[in-house]
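Enquirer: have a look at this fold, sequence not included:
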Ligand code: THU
């Protein structure tokens, strides 16, 4: 799938964002190695820390449907520059594939592409945990 198509999925998902508190809508589209696309949007809560980012919404949908290998994720929001994932989302993306391409964009069409590992150097991983 071409980046522009994945971006289009993310733009559509953004329109479904539940963001009554920040009014800041974010959309994501995660491309599984199977070729399937899993979309996500941010889902906020009156208990603010209970809210979830668009990227983790997409990852949760994919994993719960049996897919854990990902090639790319597109993220879009109405930001000045390309929409960059937060630190927690970077950690979650690296959990699955630090080589995953992260396609960051905004409504103006600015695009920045990096790998998840480039966005989170020296990530804490399962290898850092003692063997149980
Ligand atoms: N948000 C995301 O969905 N993804 C990010 O990577 C950054 C932030 C959401 C969380 C919250 O609902 C709103 O954007 C404002 O922070």
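Expert: Noted; the coordinates are in hand. Predicted, not measured: the structure shown is a model, and the values here were computed from it.

Enquirer: mind listing the strands for this protein?
Expert: Along the chain, counting by DSSP state E, strands occupy 26-32, 37-41, 70-77, 101-106, 111-115.

Enquirer: show me what the longest one is packed up against.
Expert: In this structure, strand 70-77 makes packing contacts with helix 3-14, strand 26-32, helix 54-64, helix 87-96, strand 101-106, judged by 3 or more Cβ pairs under 8 Å, 6 or more residues apart in numbering; DSSP states H and E. Glycine gets a C-beta too; all of them are placed from N, C-alpha and C.

Enquirer: in contact with the residue positioned nearest the centre of the chain, which residues?
Expert: Note on the chain: the residue nearest the mean C-alpha position is residue 55, at 2.7 Å, using Cα atoms, centre = their mean. Contact analysis of residue 55 by Cβ atoms under 8 Å, 6 or more residues apart in numbering lists 28, 30, 40, 73, 75, 85, 89, 92-93.

Enquirer: burial of the closest residue to it other than its chain neighbours, as a residue count?
Expert: Spatially, and ignoring its direct neighbours in sequence, residue 55 is nearest to residue 89 (4.0 Å; Cβ to Cβ, 6 or more residues apart in numbering). A count of nearby residues for residue 89, using other Cβ atoms under 10 Å, gives 26.
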